[in-house]
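Undergrad: Sequence and predicted structure below; questions after.
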Amino acid sequence: MKKLICAFLALIMALSLAACGGKEQATVSTDGSTSMQKVISALGEAFMEDTGANFTYNATGSGTGIKAVKDGTCDIGLSSRYLKDSEKAEGLKETILAIDGIAIIVHPDNTVADLTVEQIAAVFRGEITSWNEVGGSDGEIVCIGREESSGTRDGFESITGTEEACVYKQELTSNGAVLTAVAENPNAIGYVSLSSVKDTVKAISVGGVAPGEATIKDGSYAVQRPFVLVTKEGAALSETAQAFFDFATSSAANEIISAAGVVPVN
């Protein structure tokens, strides 16, 4: 792995920070999606270990990360949704790093194990309000979602056709917060990045298909979205940032990406 990563650093043996007397460390700064924390942190750690460069990740959410690239306050933005046409028109570019499943989660004691996309949409629109309407016990369904700027929310609502129609009991700012809320409420349902699912909740199947690497890769699991690296169209990255970008989007990173619970595209 070390040789593979170092191959991308052939052009930065004399990092631009040499002008500062070598007192500072070359840095790659990333900002954005909280759902990408596991995979981007793993890639960053491998990059730092084998190059000596510094790597930072600011978990602010997809919308904020996209804005950070636009404003020039980070090298690479992280988005767990496709860029909008309006964002592309502003000179931003998307590069798909991996594909992630969005897990639909319920309390472990919930007897419901499978819902169709249509049933999920009806639940989150407030059209189905009790678990006994979908084969579960009697109990009022409590829908937990993400905040408006979340890429996970954007992906979930786009796939289920529930944009601006969801009836949320809570709108939370991270996967971890959604996991906790669902784990503490036997009647709750929520959605999180598949890579963040813990045994405190139960990920249900969708249309008879369980979420997993194989079903995401072959497209049979319906609720999935991209993990995207966001850069400026036509604007050169620093040599160090470019080296990280080239490594992360190469087949050399596939093992790390898969180990983080998402599906590489190269």
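TA: It's in. All values derive from a computational prediction rather than experimental measurement.
Undergrad: Tell me where the model's unsure across the stretch 51-200 of the chain.
TA: Along the stretch 51-200 of the chain, segments meeting pLDDT under 70 are nowhere present.
Undergrad: what about the helices in it?
TA: 62-71, 85-89, 117-124, 151-160, 175-183 (DSSP state H, counting those that start in this stretch).
Undergrad: which secondary structure elements does the fourth one contact?
TA: Which is helix 151-160. helix 62-71, strand 92-106, helix 117-124, strand 142-146, strand 188-193, strand 224-232 (3 or more Cβ pairs under 8 Å, 6 or more residues apart in numbering; DSSP states H and E). For every residue, glycine as well, the C-beta is placed using N, CA and C.
Undergrad: Please tabulate these in TSV, including the columns mean neighbour count.
TA: TSV is the format used below for the helices and strands packed on helix 151-160 (neighbours: other Cβ atoms under 10 Å):
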stretch	mean neighbour count
helix 62-71	22
strand 92-106	23
helix 117-124	20
strand 142-146	23
strand 188-193	27
strand 224-232	23
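Undergrad: need those in TSV with distance to residue 246, can you?
TA: Formatted as TSV, these follow (distance: least, Cβ to Cβ, whole Å):
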stretch	distance to residue 246
helix 62-71	18
strand 92-106	11
helix 117-124	37
strand 142-146	31
strand 188-193	25
strand 224-232	11
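Undergrad: Which one, of the helices of the stretch 51-200 of the chain, ends up nearest to residue 200?
TA: Set against residue 200 and scored by Cβ to Cβ, the helices of the stretch 51-200 of the chain come closest in helix 175-183, at 4.0 Å.
Undergrad: Residues in contact with the closest one: which ones?
TA: 34-35, 105-108, 144-146, 152, 170, 172, 188-193, 196-198, 200-201 (Cβ atoms under 8 Å, 6 or more residues apart in numbering).
Undergrad: Tell me how confident the model is about stretch 249-266, as a mean pLDDT.
TA: What stretch 249-266 shows for mean pLDDT is 94.
Undergrad: what does that stretch contact?
TA: So stretch 249-266 is in contact with 1, 4-5, 8, 38-39, 42-43, 46, 95-100, 194-195, 213, 216-217, 227, 229, 247, going by Cβ under 8 Å, 6+ apart.
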